[in-house]
Structure formats: C-alpha cells, structure tokens
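Visitor: what follows is a predicted protein model with its sequence.
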Amino acid sequence: MLTETYSPKETYELGRKIGEQAERGAVFALSGDLGAGKTVFTKGLASGLGVTEHVSSPTFTILQVYEGGRCPFYHFDVYRIGDISEMDEIGYEDCFYGDGVCLVEWADLVKELLPEHYTQITIGTDVEKGFDYRRISVEER
Ligand code: ADP
Ligand code: MG
C-alpha cells in the first residue's frame, strides 16, 4: 500500500488508522532518513492503540514502553545503538514475541533481529513535490 501525505497531520492520521487496526504481537519496522516523519507516524500509531501519554523520540533510551493503551506499546528507536547486543540487554525478544505492539524506528540497523513476519513502513521525501510531501509505503513481510 502506498500513501502520499502533504502534512504531519496526514502522516499522524495514517499512523492512527494503522494503530487502530494493529493486533497484539504486531511488529512495525520504520525506515526513512532523519526528519522523514517516523516519530510523527509513531505518535499517530500510539494514539490508535489508545495511548494517551506523551510519546517522544527516546533519544538516549532505545526502548520506551507505554502501558496506557489497549495493549502494551513498545517503541524502539535504535538510531544510537552501538552494538546489536544492546538489544539483548534490553530484552527485545520479550517485546517482539510478546502480546503488545512493537514499533522500531531505524529498523534497518537491527534487521537481523526482526521476526519472520512484520510490517515494513518506509517514509520517503521528494522536494520537487514540496517540503511537507511524504511517500509512505506499507508492506507486509
Ligand atoms: P524522524 O522520526 O523520521 O526523524 P520526525 O517525525 O521526528 O522524523 O520529524 C518529522 C519532521 O518533518 C517534523 O518536524 C514534521 O513536522 C515534518 N513534516 C513535514 N511534513 C511532514 C509529513 N508529511 N509527514 C510527517 N512529518 C512531516
Ligand atoms: Mg524519530
């Protein structure tokens, strides 16, 4: 599925729609450059899960857990990961194979750890279409 958005709000709304439909155990892998809109999408997805807490980019913690929604929401941002073993230390397996919903920003950096089935979300820009334009693909893998 391919969606084009022209504002952060539209990206947020796409995330929210996907969050509303997400099932327990789902893993979302997000790819896209810095500033692409991964965190905007994540905030929308969290809201779709019923999370009311403020969702931010966990800059210094790789994992942020939100318990306030209809199921646990595990938000990973692995941008600053030094070594893949840090994921083990965090206990990522309990999240990826648990009964909550997982989302991983910069998922390409931990590709080898992703489960057999996950949803790949890729956010791209195209300055010719404007600074607020985003091309968002959603693929089941
Ligand atoms: P990332 O997490 O990918 O580094 P962020 O979500 O933190 O990126 O930031 C995206 C930035 O781009 C925000 O400042 C947001 O307002 C802006 N932006 C502009 N247009 C869009 C759009 N269509 N979708 C998402 N973000 C957008
Ligand atoms: Mg981010």
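Guide: Done, it's in. Ligands and ions are numbered 1, 2, ... in the order given.

Visitor: got the contact list for Ile62?
Guide: 76-78, 80-81, 86-87, 90 (Cβ atoms under 8 Å, 6 or more residues apart in numbering). In short, each C-beta sits where N, CA and C put it, glycine included.

Visitor: let's see stretch 16-24 as CSV, backbone CA atoms only.
Guide: The C-alpha trace of stretch 16-24 is given here as CSV (Å, rounded to 0.1, in the frame of the first residue of the first chain):
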residue,chain,number,x,y,z
ARG,A,16,-3.5,6.3,13.9
LYS,A,17,-5.5,4.3,11.4
ILE,A,18,-2.9,1.5,11.3
GLY,A,19,-2.7,1.6,15.1
GLU,A,20,-6.4,1.2,15.4
GLN,A,21,-6.2,-2.0,13.3
ALA,A,22,-3.0,-3.4,14.8
GLU,A,23,-3.2,-6.7,16.5
ARG,A,24,-1.3,-7.9,19.6
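
Visitor: what about the residue in the chain that ligand 1 sits nearest to, neighbour count?
Guide: For the chain, the nearest residue to ligand 1 under the criterion Cβ to the nearest ligand atom is Gly37, separated by 2.8 Å. Here the count is done by other Cβ atoms under 10 Å, and Gly37 has 25 residues near it.
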